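J.: What follows is a predicted protein model with its sequence.
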Amino acid sequence: MTNAGIMSAQVAARVRDANFNGTSQANTISLLSYSQQVINGALTDVTAQSSLALQPRTCLYQVSAFVPGAVRILAIKDASGRDLEPMMEFAQLAQTDLKWIVRTADAPRGWCYIGRDLIVIYPATRLGGQTLTVTYAQLTPALATTADATVVPNETDDAIYDLTEALLLLKNRDLNAVTSAMQRFQERMKALDSSPNILPVDKPGAR
């Protein structure tokens, strides 16, 4: 956890705007907040769980309706603890069963996304009453003041600096420096993603 006041001062110094003349400290903190949300969406360090009560003969569920703080669904289990099979592409479901939209069974077997805010629970259950446990990458709390702190692991803070620096440089149209900052950010993300404990956000507060 790192204080947003300290982080904003450091990233402002990186882009040679230590006095926040080009971008205010409040706007810099907002970019740090956005960067943290993007990075946690990719690395899924901060997760949470929620229940999904299945409705009879219903296979489509709106993610923002039952887990508004979710960036990305990571896993779904039934009441026995069995993992539903994730189908990473909607096309895979269509190839599996052309009649998936009306298919029913006693219990679901898999799930997949349609777009960014709909998931398919396949097949739909004939009767209601079943509850699934959904694990998801959480939308990290917004950083709004200098006293607010990041919630991702400390080793991820450098990636937040890199991405925020790139965004500030892009705002300043320093394109050569943007390229360098983004390369550094991508390399850092690859290193973080290869660690044992380590799917994006459209915009701040997107969900």
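T.: The structure has been received and is ready for your questions.

J.: When you work out contacts or count neighbours from here on, use the C-alpha atoms and nothing else.
T.: OK.

J.: quick check: domain ranges of the chain?
T.: Using automatic domain parsing, the domains assigned to the chain come out as 4-44+140-193, 47-138.

J.: got TSV for those domains, with mean neighbour count and mean pLDDT too?
T.: Formatted as TSV, the domains of the chain follow (neighbours: other Cα atoms under 10 Å; pLDDT from 0 to 100):
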stretch	mean neighbour count	mean pLDDT
domain 4-44+140-193	18	94
domain 47-138	17	93
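
J.: so which strand or helix has Gln49?
T.: strand 47-53 (DSSP states H and E).

J.: and that strand, what does it pack onto?
T.: Judged by 3 or more Cα pairs under 8 Å, 6 or more residues apart in numbering; DSSP states H and E, strand 47-53 is in contact with strand 131-138.

J.: Pull up the pairing partners for the strand holding Gln49, direction included.
T.: With DSSP bridges as the test, strand 47-53 is paired with strand 131-138 (antiparallel).

J.: Quick one: residues in contact with the helix or strand harbouring Met189.
T.: For Met189, the host element (DSSP H and E) is helix 175-193. With Cα atoms under 8 Å, 6 or more residues apart in numbering as the test, helix 175-193 has contacts from Leu43, Thr156, Ala159, Asp162, Leu163, Glu165, Ala166, Leu167, Leu169, Leu170, Ile198.

J.: run the last query once more with 6 Å
T.: Ala159, Asp162, Ala166, Leu169 (Cα atoms under 6 Å, 6 or more residues apart in numbering).

J.: residue ranges for the helices of the protein, please.
T.: Ranges of helices in the chain, per DSSP state H, are 4-14, 25-43, 63-66, 90-96, 157-171, 175-193.

J.: distance of the most centrally placed residue in the chain from Arg72?
T.: What sits nearest the mean C-alpha location of the chain, by Cα atoms, centre = their mean, is Gly41, with 2.4 Å. Separation of Gly41 from Arg72 (Cα to Cα, to the nearest Å): 7 Å.

J.: Look up how far Gln183 lies from Gly110.
T.: For Gly110 relative to Gln183 (Cα to Cα), the value is 37 Å.

J.: before we move on, the earlier item: let's have the helices of the chain in JSON lines, adding distance to Val120.
T.: Output for the helices of the chain, formatted as JSON lines (distance: least, Cα to Cα, whole Å):
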{"stretch": "helix 4-14", "distance to Val120": "38"}
{"stretch": "helix 25-43", "distance to Val120": "21"}
{"stretch": "helix 63-66", "distance to Val120": "10"}
{"stretch": "helix 90-96", "distance to Val120": "9"}
{"stretch": "helix 157-171", "distance to Val120": "33"}
{"stretch": "helix 175-193", "distance to Val120": "27"}
